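>>> turn this into a structure:
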Amino acid sequence: MSKIVINAEPRVLIGKQVNQLRRQGKLPAVVYGHKVDPKPITLDLRDATKILSTTTSTSLITLVLEGKEFPSIVREKQIDFILGTLKHVDFQAVSLTEKIRAEVAIHFEGESPAIKEFDAILTSGLTHLLMEGLPQDLPETIIVNVSKLRNVGDTVLVKDIEVSDNVEILSHSEEMVVMVTSSKPLSEEPEGEGDELLDSSGEPEIIDKGKKEKEDF
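Below is the predicted model of the structure:
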């Protein structure tokens, strides 16, 4: 994958004053992490939006700030849900020689034969996997092929997912990623069946065909 570069500038305005930057087409951000004290920065809103729309939480991004390059990953993006625009971005500077932990998104591909053959549905469990590795080795996404799920009850567990030897999955190995389940409700017992021994209160009726014994007083 080609190198992802975002140019940044130092930022002086903080707090509510950053609205001035947004009106100027700037995106307030901050970078912190490996050998970097938290630094308020600004990005070009249009360029940053275009680049960050195609990256994931493990995409390695090179921030260029005052002539220095900072390998980084995005830790948080704040979005204006009314306008649909970025409001703020947190970047974590990383070392290319030190392992980090990150959540990697799971994406499904293919089609399970059980969907057509049994009118089944796929129920997902996890949406992300917690992984550890060098920043440049972490995958951007985990692809799970569901075409091997042929019957109701078939599952993919965390332990079934194969990844590079350079990274480690920290999520519990027995957690369910996806399962084939039936779309039909469980069949109910026919009405009236089994009711012949129930009285009006719903309690079992005691049927005594023998001679009643004398009651004790």
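>>> list the residues that contact the nearest residue to L170 once chain neighbours are set aside.
In this structure, L170 finds its nearest non-sequential neighbour in L130, 4.3 Å apart by C-beta to C-beta, 6 or more residues apart in numbering. The C-beta positions use only the backbone N, C-alpha and C, and glycine is treated the same way. Residues in contact with L130 (C-beta atoms under 8 Å, 6 or more residues apart in numbering) are 101-104, 169-171.
>>> what sits closest to I106 if chain neighbours are left out?
Closest residue to I106 apart from its sequence neighbours, by C-beta to C-beta, 6+ apart: I142 at 4.8 Å.
>>> repeat that for D47.
Excluding its sequence neighbours, the residue lying closest to D47 (C-beta to C-beta, 6+ apart) is I6, at 7.2 Å.
>>> I73 now?
Closest to I73 by C-beta to C-beta, 6+ apart is Q92, at 5.5 Å.
>>> just checking, that neighbour touches G33?
Yes. Using C-beta atoms under 8 Å, Q92 is in contact with G33, at 4.2 Å.
>>> which residues are in contact with each of the two?
Joint contacts of Q92 and G33 (C-beta under 8 Å, 6+ apart) are S72.
>>> on that earlier part again, from L96, how far off is the residue nearest to L170?
Going from L130 to L96 by C-beta to C-beta, to the nearest Å gives 21 Å.
>>> on that earlier part again, partners of the stretch of helix or strand the residue nearest to I73 belongs to in the sheet?
Using DSSP states H and E, Q92 maps to strand 85-93. Here strand 85-93 is paired, per DSSP bridges, with strand 26-33 (parallel), strand 68-80 (antiparallel).
>>> secondary structure and neighbour count for the contacts of L130 - can I get that in TSV?
Compiled in TSV, these are given as follows (DSSP: H, G, I helix; E, B strand; the rest coil; neighbours: other C-beta atoms under 10 Å):
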residue	secondary structure	neighbour count
R101	strand	11
A102	strand	21
E103	strand	14
V104	strand	22
I169	strand	18
L170	coil	12
S171	coil	17
